[in-house]
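Peer 1: Any chance you could fold what I've pasted below:
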Amino acid sequence: MAFSTKLACMVKKTPAEKLATIKDGYTLEGATIELGAAIIDGQIHKEAQVRLPLAMMNRHGLVAGATGTGKTVTLHMMAEQLSTAGVPVFLADIKGDLSGLATAAAGSEKLTARTEALGQNWSSSAFPVEFLALGGDGNGIPVRATVTSFGPILLSRVMELNDTQESSLQLVFHFADKNNLELIDLKDLRAVISFLTSAEGKEALAELGGLSKATAGVILRELVNLEAQGLEKFFGEPEFDTAELLRTAPDGRGVISCLELPTLQTKPMLFSTFLMWLLADLFEDLPEAGDLEKPKLVFFLDEAHLLFNGASKAFLSAITTTVRLIRSKGVGIFFVTQTPKDVPADVLGQLANRIQHALRAFTPEDAKALKATVSTFPVSDYDLEETLTSAGIGEAVITVMNEKGAPTPVALTRLRAPQSVMGPSEQTTMEKTIAASELLAKYGTAVDNISAYEKLTGKGAPTTGAPAPGAPTVPTGQAQTPGNTIDAEARRIEEEILGRPSSRPLPAPLPEQQVESGNPAGSPQPPAKRTPAQPPTQARPQQGGGVAGDIADALGGALGGGLKSMVRSMGTQLGRELLRGVFGTSSRRRR
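Peer 2: Take a look at the predicted model:
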């Protein structure tokens, strides 16, 4: 029925009427991204320019098409225009072709003929590019994440855990959060799991309830496998601040952050999940912005099918929530893949802007994908099944959201040519760009700060600093427990920042018999059990507990007793939601 309706529309309209429909549909008032010229009955009409409103870029979009149809060049061209409009862009460079954005293209007769036919006023130009590389794997500024920031849901995706194992990993993260055990790199997480599966951690493991020793052992083995594959370099410090993606160049153009993925084929799950971490981190940090004249950032997720293949319900739910809500924070997301079927329906329904390159129908499965793709477009003057299988390289079927929030007419479009090199930049150009980057000094060298591994193994354990005025000297054999660390930080806030004697107690020393039994300070210890003999703050009720409770206590001690009750109330009720976001991610950087 739908096909018959479309065919009837095609028969009724003359070429002039079809042209008028497209011209009217793409006559827009505000700033736009110029995509190309409409093709009607095989003829290019440069008077019918197809464009996308800049203000509607945060309504998200889909760039799809078979391999070799021109998707990467489309991203290239859109990124250039966004940068020119002052909008920062993030791109994942799968094949290395997008590095050409940093090099001005050379003109040619063939290029001039194409651009003149499209009504494009073409000029050669290079663009401000920041080259990034996951963990330094490739050419670019190293991009790292801490394990605690990455969170259990995304890490489960990388480790390919099942739902039960994912839930168990969440309990491990909860244990680390509650006991102030910072998970910075993979060895930190390995140390926590090793502790929980050891004799010393038997009691703590039992208290977690839903975590069995067998499941913890499976997670530990998967973690060791990750390290064996060399993936530890992607986790650590300094952690990349996703606010770096929102920068503009001195001339006002948006910086194009180009993340090189040279070994995608060997680690597809890691790379696709890392891209989602970047997006989730932005989602947690950015304030609500409402409707803007132009987006704060446009984020292109290439090879989007890798995100969804075999994804858990929790992961899919988190993606759907992020896509739905990040629009109001001024971020537009464009998924790049082969067919709309690669994207779950709940996500696809939120992608208002569609750029569909050619599809191939060589197999029955291809034919089904073609019909499914056609069904996602509005009724149009085109026979879309025929159009999508016959479109040439650099052509696409387009419909976008106009400034009034309605879909524009479907238009087969000959797309504009990029102004920079369509291919990789010279290696020397990339090296000079990276060397001149202000981010190199900030992220170029990895650091290994004290975290869970050091605390649990006693290697490089932190000192508590000088005692408060009038307090007795702390013995060198003092117990280093997570609670002690929180107290030490609270004391430091009061003494060094607020400039007054601390009201927080000093950590309790180890019992004599424990020292005599050959278990010295610094050896692996289970988190200290609260007993009446310890200071009152060490025996506080566990309502809300964990890091949220510790933060509430620290703030209460620093701000005064009058606010302590209010702070603790907020901490116990909202702390967990605030500390871990929609993907189970945590605050990016340790304070």
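
Peer 1: Can you tell me how far residue 431 is from residue 66?
Peer 2: 35 Å (Cβ to Cβ, to the nearest Å). Where you see a C-beta, it was placed from the backbone N, CA and C, and this is true even at glycine.

Peer 1: ok, those two, which is more surrounded?
Peer 2: residue 66 (20 against 13; other Cβ atoms under 10 Å).

Peer 1: So the more buried one: helix, strand or coil?
Peer 2: Going by DSSP: H, G, I helix; E, B strand; the rest coil, the secondary structure assigned to residue 66 is coil.

Peer 1: Quick check: it vs residue 35, distance?
Peer 2: Between residue 66 and residue 35 the distance, using Cβ to Cβ, works out to 19 Å.

Peer 1: Likewise for residue 55?
Peer 2: 16 Å.

Peer 1: Same drill for these two, tell me which one is more crowded.
Peer 2: residue 35 (26 against 19).

Peer 1: State the pLDDT value of residue 520.
Peer 2: If you check residue 520, the pLDDT there is 41.

Peer 1: Please read the previous query as pertaining to residue 279.
Peer 2: pLDDT for residue 279: 88.

Peer 1: What count of nearby residues applies to it?
Peer 2: Residues within reach of residue 279, counting by other Cβ under 10 Å, total 23.

Peer 1: So it lies in a helix, does it not?
Peer 2: Yes: the assignment for residue 279 (three-state DSSP) places it in a helix.

Peer 1: Contacts only, for the residue most central in space within the chain.
Peer 2: Closest to where the C-alpha atoms of the chain average out (Cα atoms, centre = their mean) is residue 278, at 2.1 Å. Residues near residue 278 by Cβ atoms under 8 Å, 6 or more residues apart in numbering: 90, 143, 240, 242, 245, 299.

Peer 1: With residue 130 instead?
Peer 2: So residue 130 contacts 140-141, 244, 247, 255-258, 433, 437, 439 (Cβ under 8 Å, 6+ apart).

Peer 1: what stretches of the stretch 301-450 of the chain score poorly on pLDDT?
Peer 2: Residue ranges of the stretch 301-450 of the chain with pLDDT under 70: none are present.

Peer 1: what about the helices in it?
Peer 2: All helices of the stretch 301-450 of the chain, identified by DSSP state H, counting those that start in this stretch, fall at 305-308, 313-326, 345-348, 364-375, 384-390, 427-435, 440-443.

Peer 1: of all those, which lies closest to residue 16?
Peer 2: helix 384-390 (19.4 Å; Cβ to Cβ).

Peer 1: Remind me what that closest one packs against, helices and strands.
Peer 2: helix 364-375, strand 395-399 (3 or more Cβ pairs under 8 Å, 6 or more residues apart in numbering; DSSP states H and E).

Peer 1: Comparing the ones you listed, which comes out most buried?
Peer 2: strand 395-399 (a mean of 24; mean count of other Cβ atoms under 10 Å).

Peer 1: tell me the angle of that strand relative to helix 364-375?
Peer 2: Angle of strand 395-399 versus helix 364-375, following axes from the mean of the first three to the mean of the last three Cα atoms, to 10 degrees, is 40 degrees.

Peer 1: Name the strands paired with whichever strand in the chain runs longest and say parallel or antiparallel.
Peer 2: As assigned by DSSP state E, the longest strand anywhere in the chain is strand 43-53. Applying DSSP bridges to the sheet, strand 43-53 is found paired with strand 32-40 (antiparallel).

Peer 1: what sits up against the strand it pairs with?
Peer 2: 15, 18-19, 22, 26, 44-46, 48-54, 57, 77-78, 81-82, 85, 117-120, 355, 395, 398, 411-416.

Peer 1: again with stretch 15-26
Peer 2: Taking Cβ under 8 Å, 6+ apart as the rule, stretch 15-26 contacts 13, 38, 40-41, 43, 45, 47-51, 381, 402, 408-409, 411.

Peer 1: 6 Å instead?
Peer 2: By Cβ atoms under 6 Å, 6 or more residues apart in numbering, the residues outside stretch 15-26 that reach it are 38, 40-41, 45, 48, 50-51, 381, 408-409, 411.

Peer 1: Can you lay out those as JSON lines showing neighbour count and distance to residue 99?
Peer 2: Output for the contacts of stretch 15-26, formatted as JSON lines (neighbours: other Cβ atoms under 10 Å; distance: Cβ to Cβ, whole Å):
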{"residue": "38", "neighbour count": "26", "distance to residue 99": "31"}
{"residue": "40", "neighbour count": "21", "distance to residue 99": "36"}
{"residue": "41", "neighbour count": "13", "distance to residue 99": "39"}
{"residue": "45", "neighbour count": "21", "distance to residue 99": "34"}
{"residue": "48", "neighbour count": "25", "distance to residue 99": "33"}
{"residue": "50", "neighbour count": "30", "distance to residue 99": "28"}
{"residue": "51", "neighbour count": "20", "distance to residue 99": "27"}
{"residue": "381", "neighbour count": "22", "distance to residue 99": "39"}
{"residue": "408", "neighbour count": "25", "distance to residue 99": "32"}
{"residue": "409", "neighbour count": "22", "distance to residue 99": "36"}
{"residue": "411", "neighbour count": "29", "distance to residue 99": "31"}
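
Peer 1: Please render those as a markdown table that adds distance to residue 359 to the earlier fields.
Peer 2: Below are these laid out as a markdown table (distance: Cβ to Cβ, whole Å):
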| residue | distance to residue 359 |
| --- | --- |
| 38 | 20 |
| 40 | 20 |
| 41 | 21 |
| 45 | 24 |
| 48 | 24 |
| 50 | 19 |
| 51 | 24 |
| 381 | 19 |
| 408 | 21 |
| 409 | 20 |
| 411 | 17 |
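
Peer 1: Show me the two of those residues that sit farthest apart.
Peer 2: Across the contacts of stretch 15-26, no pair lies farther apart than 41 and 51, at 21.2 Å, counting by Cβ to Cβ.

Peer 1: Can you report how many residues neighbour the residue nearest to residue 249 when sequence neighbours are not counted?
Peer 2: Nearest residue to residue 249, sequence neighbours excluded (Cβ to Cβ, 6 or more residues apart in numbering): residue 128, at 3.9 Å. Residue 128 has 20 neighbouring residues, counting by other Cβ under 10 Å.
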